[in-house]
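> Fold the following, please.
(one chain, ligands or ions: 1)
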Amino acid sequence: MSQLLEGKVALITGGTSGIGRATAVAFAREGATVVVSGRREKEGQETVQLVLAIGGHARFVAADVSDEKQVAALVDKVVATFGRLDVAFNNAGIEGVPAPISDATAAQYNQIFDINVKGVFLSMKYEIPAMLKTGGGAIVNTASVLGSVAVPGFGLYSATKHAVLGLTKAAALEVAGQGLRINAVSPAAIETDMVKRTFGNDSESPERKHLAAAHPVGRLGLPEEIASAVVYLCSPQASFVTGTDLHVDGGTLAKLPL
Ligand code: NAD
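As a prediction, the model looks like this:
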């Protein structure tokens, strides 16, 4: 059976856990060589091992997406090692410190915008020229359902994900005629460390049950369910899809709270 990303070179930021890790495995299963990036070497190597275990090809390159020199060096390293960059999943992000706007601090604002927004901006800034040199490719940025709506207490996070959608649309239009497609994926709550840090580890707790019930399908999503959507967006099957925001949210954004 042919693979959707056969022969492609793919870069994933925030590939050391959660959605990024699941996508590394999914990309490899579809035939891509995967560069797993993140700040944490040990967790990055664990992702690499998961890819190797299914017979795929991967390597870890450390980079903090909020640091321009490190992002530039990361993209340079991918191209120097593999000769090209075809696919990028700009997924690194943090939830920050949940707080009402009136309690949030300027330091918290700077930290979450540096990683969630500047990180996506810098990644695309260096990925786009690298991809155009070999005829284009596909980029997916991780936004969130909180890029389209907001909930009290998550104002800064929500603002960063609204910004990711703005960057995605503008970048997509800038390269639309050049063989490079740029889209966003917007998950609702997904079973990863991020949800566990925010809502606790116990899926039977009242907080976690309330969160699950807030999704029309009655449960949280799995990292693999986001990975499938990202594979689709990066594959030739999405050849006419650019500048869009794919909601992978169990019906969350379709729902009025009645
Ligand atoms: P996660 O915490 O497991 O993954 C986030 C990854 O980003 C981690 O590997 C982390 O080390 C990395 N990261 C953080 N700051 C970084 C930096 N400065 N440089 C490089 N890497 C950095 O959580 P996740 O749920 O897998 O999150 C992945 C993405 O999905 C994030 O952008 C998040 O905002 C988004 N998202 C998650 C959910 C959810 O419910 N889990 C919902 C919507 C959107």
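> C-alpha from now on. contacts and neighbour counts both.
OK.
> Backbone dihedrals for whichever residue of the stretch 101-250 of the chain sits closest to the ligand, please?
Here the residue of the stretch 101-250 of the chain nearest the ligand is residue 189; by CA to the nearest ligand atom that distance is 3.3 Å. Main-chain torsions, residue 189, degrees, to the nearest 10: phi -70, psi 130.
> How much space separates it from residue 177?
From residue 189 across to residue 177, the span is 34 Å (CA to CA, to the nearest Å).
> any idea of the pLDDT on residue 119?
Per-residue confidence (pLDDT) for residue 119: 99.
> Same check on residue 2?
At residue 2, pLDDT is 89.
> can you check residue 230 too?
Reading off the model, residue 230 has pLDDT 99.
> now do residue 205
For residue 205, the pLDDT comes out at 95.
> next one: residue 21
The model's pLDDT for residue 21 equals 98.
> name the element it belongs to?
According to DSSP states H and E, residue 21 maps onto helix 18-29.
> what does residue 140 give?
Using DSSP H and E, residue 140 maps to strand 137-142.
> re earlier: not counting sequence-adjacent ones, nearest residue to the residue of the stretch 101-250 of the chain closest to the ligand?
Nearest non-adjacent residue to residue 189, counting by CA to CA, 6 or more residues apart in numbering: residue 220, 5.5 Å away.
> In contact with residue 159, which residues?
For residue 159, the contact set (CA atoms under 8 Å, 6 or more residues apart in numbering) comprises 146, 147.
> So what are the sheet partners of the strand holding residue 140 and their directions?
When pairing is defined by DSSP bridges, strand 137-142 lines up against strand 87-90 (parallel), strand 180-187 (parallel).
> Helix or strand next in line after that strand, which one?
The element immediately downstream of strand 137-142 (helix or strand, assigned by DSSP H and E) is helix 155-174.
> could you check whether that next one is close to the ligand?
No. Helix 155-174 stays clear of the ligand (CA under 6 Å from any ligand atom), getting no nearer than 7.7 Å.
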